[in-house]
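> Structure for the following, please:
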Amino acid sequence: MSSEAKGTQAIPVSPINAQQERLNALLEEHGATWDSLEDPHDPFNWSFMRKISVALIVSLGQLVTLMSTSMMAAALTKIGADLHLGSTATQILFSIFILGLAFAPFLIAALSEMYGRRSIWIASNMFYILWNALCPVNSSVGLMTVGRFLAGSGASAGIVLTGPILADMYRPEHRGRSLALATFIPYIGPALGPIVGGVISQHLQWGWLFWTLSMFDAAIVLVGFCFFPECYTPALLRKKAALQRSDISGAPPSNRKFMLDKAFYQDLGARLRANLIRPLWLLVYRPAIQVIALIMALNFAIYCLLLSTYATLWIERYGESETISSLNYIAIAVGTIGASQAGGILMDWIYASLKERNNGETTPEFRVPFLIPAVILIPVGLFLYGWSAEKRLPWIVVDIGTAIFVCGSFMLAQGMLAYLLDEFKHAASANAAARMLSNILGFVFPIFAPSMYASLGYGWANSLLGFIFVAVGMPIPVMLWYYGPRLRAIGRT
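Reported below is the predicted structural model:
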């Protein structure tokens with residue numbers, strides 16, 4: 001159970017009593033509960049293979065999102081030339097996808113907490129497939145711009161729902177392991193996207209960058225339609241309560257008869273407004289969310305800036321072809337895989353050690369020590385990447401710097417997501433609130449990247465980013481460790 005529901009002071013309880021307390025709370029809130037602590041319908045009690053299959057499906061969906069973010073990178077020069085755009089306008093086409101990730105999560109999170117994860121995940125991916133496929137049609141700048149934005153809106157389900165879906169199935173003590181499981185495949189996306197994009201753009205028309213991803217996601221949605229069961233406990237219990245009421249009254253569940261009633265839509269509007277307001281309320285009134293949003297935004301913005309300019313570095317400064325230049329994105333894959341797999345094990349070990357030392361009592365601040373190596377690796381990687389590129393050192397030195405930065409960046413994102421899932425009962429809303437600023441800055445930073453590198457060079461430009469992160473980002477883990485409980489207590493209801 002989240003600490004948000006427990007109050008400011010955590011009370012040491014045995015695992016069995018904690019689970020019984022959870023069942024009682026579910027009964028009180030939803031009018032139904034699981035039949036026992038071992039009820040097989042409870043997603044926490046699903047089999048290992050069933051959890052693995054769900055995690056695999058949603059991770060493939062998130063892979064599409066991350067590939068779509070970066071796949072244009074290797075073909076940006078060609079796309080800009082074909083559409084008769086300057087470098088700044090071309091960067092906007094690249095990063096407007098990320099702007100779509102900023103606002104749609106509010107609606108997706110609200111609907112997923114009203115109707116469950118499965119249907120919203122499927123609908124959002126189908127929305128992405130449509131608009132992503134339309135992006136290159138007729139080589140229209142307007143359609144490309146609108147299509148990239150709306151495709152990002154649909155693809156944001158992969159970002160905003162993956163963590164909450166895992167939280168639906170895995171308890172906090174397995175948070176690191178579950179995140180490692182679900183992020184192993186999608187974290188390859190930032191590297192796989194440009195590599196596939198480089199090959200396609202060199203041998204086919206660049207429109208196939210978009211059509212290939214739409215076809216891939218269509219196959220994932222088809223598999224999800226068949227094998228992705230609903231996993232959101234409130235939605236499952238609401239359905240169970242409705243079936244119990246129908247058994248008692250002898251009448252079938254009454255959801256359908258309301259569809260044509262005015263009262264149904266009035267109730268729908270009221271519920272949707274309440275659920276849409278929740279992420280905004282969290283962002284405005286919960287200082288804990290604000291602190292998390294700040295460090296996540298700076299981290300993600302720097303990452304997007306690097307991602308959007310990485311292919312250009314190798315093509316223009318090192319004279320590599322589109323295909324060869326895209327292979328340097330393997331360094332990003334090395335960083336992301338290291339962060340997800342080693343990071344997941346480290347996170348669970350730290351959490352278990354602190355829990356044992358604290359007599360079984362837990363708090364979201366147990367995630368904070370995991371952030372320490374992350375905030376150190378980020379500036380170290382930036383400095384090494386920037387100055388090795390500035391001095392035209394061998395490619396391996398630049399790639400090592402990039403891998404170090406990316407490893408720290410993704411470890412930071414993992415730790416902050418785990419902190420959110422531990423603290424907030426409405427995980428999707430909290431995730432959407434924390435990521436809004438990230439995606440806005442992720443849209444803005446790549447736009448000024450070419451002029452920044454042209455003016456300052458790679459060395460001083462990356463050093464400037466590193467110094468900003470040291471000043472803004474490094475104090476935040478210390479703040480959360482010492483003042484986290486006070487911050488989380490402010491604005492609780």
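> Any regions of the stretch 201-350 of the chain where pLDDT drops low?
By pLDDT under 70, the weakly predicted segments of the stretch 201-350 of the chain are 245-268.
> That one: strands as residue ranges?
Using DSSP state E, counting those that start in this stretch, no strands are found in the stretch 201-350 of the chain.
> Where do the helices of it begin and end?
Assigned by DSSP state H, counting those that start in this stretch, the helices in the stretch 201-350 of the chain fall at 208-227, 233-249, 262-285, 287-312, 322-326, 330-357.
> what's the closest of those to Ala89?
helix 287-312 (13.4 Å; CB to CB). Where C-beta positions appear, they are placed from N, C-alpha and C, glycine not excepted.
> any idea of the angle that closest one forms with helix 330-357?
Relative orientation of helix 287-312 and helix 330-357, computed by axes from the mean of the first three to the mean of the last three CA atoms, to 10 degrees: 160 degrees.
> And the residue most central in space within the chain, which helix or strand is it part of?
Closest residue to the average C-alpha location of the chain: Ile159 at 3.2 Å, with CA atoms, centre = their mean. Taking DSSP states H and E as the criterion, Ile159 maps to helix 141-169.
> wait, the residue nearest to the centre of the chain sits on Pro105?
Yes: between Ile159 and Pro105 there is a contact under CB atoms under 8 Å: 6.9 Å.
> Give me the common contacts of these two.
431, 435 (CB atoms under 8 Å, 6 or more residues apart in numbering).
> Could you check how far Pro162 is from Leu213?
Residue 162: Thr, not Pro. Separation of Thr162 from Leu213 (CB to CB, to the nearest Å): 18 Å.
> quick one on the thing from earlier: got the buried residues for the helix holding Ile159?
Neighbour-count burial for helix 141-169, counted by 16 or more other CB atoms under 10 Å, picks out 144, 146-169.
> Work out the gap between it and the centre of the chain.
Remark: helix 141-169 is offset 9 Å from the chain centroid, using CA atoms, centre = their mean, to the nearest Å.
> ok, now stretch 294-303?
So, by CA atoms, centre = their mean, the centroid of stretch 294-303 is 13 Å from its chain's centroid.
> Stretch 458-476 too?
Centroid separation for stretch 458-476 versus its chain: 23 Å, with CA atoms, centre = their mean.
> Export only the CA atoms of it, formatted as CSV.
The C-alpha trace of stretch 458-476 is given here as CSV (Å, rounded to 0.1, in the frame of the first residue of the first chain):
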residue,chain,number,x,y,z
TYR,A,458,30.9,20.3,-28.2
GLY,A,459,33.3,20.8,-25.3
TRP,A,460,31.9,23.9,-23.7
ALA,A,461,28.3,23.2,-24.7
ASN,A,462,28.3,19.8,-22.9
SER,A,463,30.2,21.4,-20.0
LEU,A,464,27.5,24.0,-19.7
LEU,A,465,24.9,21.3,-19.5
GLY,A,466,27.0,19.3,-17.0
PHE,A,467,27.4,22.4,-14.8
ILE,A,468,23.6,23.1,-14.9
PHE,A,469,22.9,19.5,-13.9
VAL,A,470,25.4,19.6,-11.0
ALA,A,471,23.9,22.8,-9.7
VAL,A,472,20.2,21.8,-10.1
GLY,A,473,20.2,18.0,-10.1
MET,A,474,22.8,16.9,-7.6
PRO,A,475,21.2,18.5,-4.5
ILE,A,476,17.8,16.8,-5.1
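> ok, back up a step: could you figure out how far the helix holding Ile159 is turned away from helix 262-285?
Using the same axes, to 10 degrees: helix 141-169 against helix 262-285 is 90 degrees.
> What mean pLDDT does helix 141-169 get?
If you average the pLDDT over helix 141-169, you get 90.
> next helix or strand past that helix?
Following helix 141-169 in sequence, per DSSP H and E, is helix 175-183.
> Quick one: residues in contact with that next one.
Outside helix 175-183, the residues that reach it (CB under 8 Å, 6+ apart) are 52, 55, 58-59, 62, 162-163, 166-167, 169-170, 336, 340-341, 343-349, 351, 410, 414, 417-418, 421-422.
> could you redo the last one with a cut-off of 7 Å?
Outside of helix 175-183, the residues within contact range by CB atoms under 7 Å, 6 or more residues apart in numbering are 55, 58-59, 162, 166, 170, 340-341, 343-345, 347-348, 351, 414, 417-418, 421.
> what's the angle between it and helix 141-169?
Relative orientation of helix 175-183 versus helix 141-169 (the same axes, to 10 degrees): 140 degrees.
> Just the buried residues of helix 175-183, please?
Quick answer for helix 175-183 (16+ other CB under 10 Å): 175-176, 178-183.
> same thing with stretch 456-465?
458-459, 461-463, 465.
> next one: stretch 126-137
Under 16+ other CB under 10 Å, the buried positions of stretch 126-137 are 127-129, 131-136.
> re earlier: looking at the helices of the stretch 201-350 of the chain, which is closest to Ser36?
Closest to Ser36 of the helices of the stretch 201-350 of the chain, according to CB to CB: helix 233-249, at 13.7 Å.
> picking up where we left off before, quick one: the buried residues of stretch 456-465 as a markdown table, columns for secondary structure too.
Listed next are the buried residues of stretch 456-465 as a markdown table, based on DSSP: H, G, I helix; E, B strand; the rest coil:
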| residue | secondary structure |
| --- | --- |
| Tyr458 | helix |
| Gly459 | helix |
| Ala461 | helix |
| Asn462 | helix |
| Ser463 | helix |
| Leu465 | helix |
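> Closest to His426 out of those?
Lowest distance from His426 to those (CB to CB) belongs to Leu465, with 33.2 Å.
> and that closest one, what does it touch?
Per CB under 7 Å, 6+ apart, neighbours of Leu465: 302, 382.
> And for Leu204, the neighbour number?
12 (other CB atoms under 10 Å).
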